[in-house]
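Colleague: after the sequence you'll find the predicted model.
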Amino acid sequence: DFDISEKIMKAKSNESRDDILVTYRNDSACSYVIVGLIKKFAGKKVYVLCDSGSDNEARAIIMQNLKLLGFSDVCESEELVAIAGDISKLKLGLSDEKYKTLSETVGRVYHFGLELNISKSYSSLRAKNIDGTNRIIEFCCDNSLKQLVFMSSLSIFRNITIDDMPGCDERSRFVPTRNM
């Protein structure tokens, strides 16, 4: 859908982009990461993109899970900003203005927004999991380059050892290819 190498060449440095975007999945792992980010990066905004009808509904969903896990204090944090969106849609389902603002202020993205349901067909999961990931990668290249932390659940299917994992970490170089 987009030429990633062209976007990377046009993108600015993200030196002053300190805010964080988390694509939300309603589970405890995602909630623990949100809490950790708010505590580690005090004073930085942690935007949480939730698939819901409104920002208020997104906030209610996120707060309910945080409270269930005993993180009521985080619910009061001004750093936590809930945003309604849809990662499978262009511009993450956001207005042009909101997308532009996020793309200018966010420097790191934690992508949890995958749908995990082994009883569903590939075609029913494609929009959220494949197209959504492509939209997140595109967002990470818009306006300024952003770090992407991709949370994968591949390990639930078998016992994966460190030897099975691809050689990729924060020091790895991303090299765009035409096949992307």
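Modeller: Right, received. Where do you want to start? Source: prediction; values computed, not measured.

Colleague: C-alpha only now, for contacts and for neighbours.
Modeller: Will do.

Colleague: list the contacts of Lys146.
Modeller: For Lys146, the contact set (C-alpha atoms under 8 Å, 6 or more residues apart in numbering) comprises Asn14, Val106, Gly107, Arg108, Val109, Cys140.

Colleague: the second one is in contact with Ile20, isn't it?
Modeller: Meaning Val106. Yes. Under the criterion of C-alpha atoms under 8 Å, Val106 makes contact with Ile20 at 5.2 Å.

Colleague: hang on, the earlier thing: most neighbours out of the contacts of Lys146, which is it?
Modeller: Val106 (26 neighbours; other C-alpha atoms under 10 Å).

Colleague: not counting sequence-adjacent ones, nearest residue to that residue?
Modeller: Closest residue to Val106 apart from its sequence neighbours, by C-alpha to C-alpha, 6 or more residues apart in numbering: Asp19 at 4.4 Å.

Colleague: okay, helices next: where are they in the protein?
Modeller: With helices called from DSSP state H, the chain shows them at 4-10, 28-40, 55-68, 72-75, 96-105, 122-126, 132-141.

Colleague: and the fourth one, what does it pack onto?
Modeller: Meaning helix 72-75. With contacts taken as 3 or more C-alpha pairs under 8 Å, 6 or more residues apart in numbering; DSSP states H and E, helix 72-75 sits against helix 55-68.

Colleague: angle of the helix it packs on against helix 28-40?
Modeller: 90 degrees (axes from the mean of the first three to the mean of the last three C-alpha atoms, to 10 degrees).

Colleague: just how off-centre is helix 55-68 within its chain?
Modeller: Helix 55-68 sits 17 Å away from the centroid of its parent chain (C-alpha atoms, centre = their mean, to the nearest Å).

Colleague: same thing with stretch 120-127?
Modeller: The answer for stretch 120-127 is 19 Å, by C-alpha atoms, centre = their mean.

Colleague: what's the first-to-last distance across stretch 109-120?
Modeller: With C-alpha to C-alpha, to the nearest Å applied, stretch 109-120 spans 27 Å between its terminal residues.
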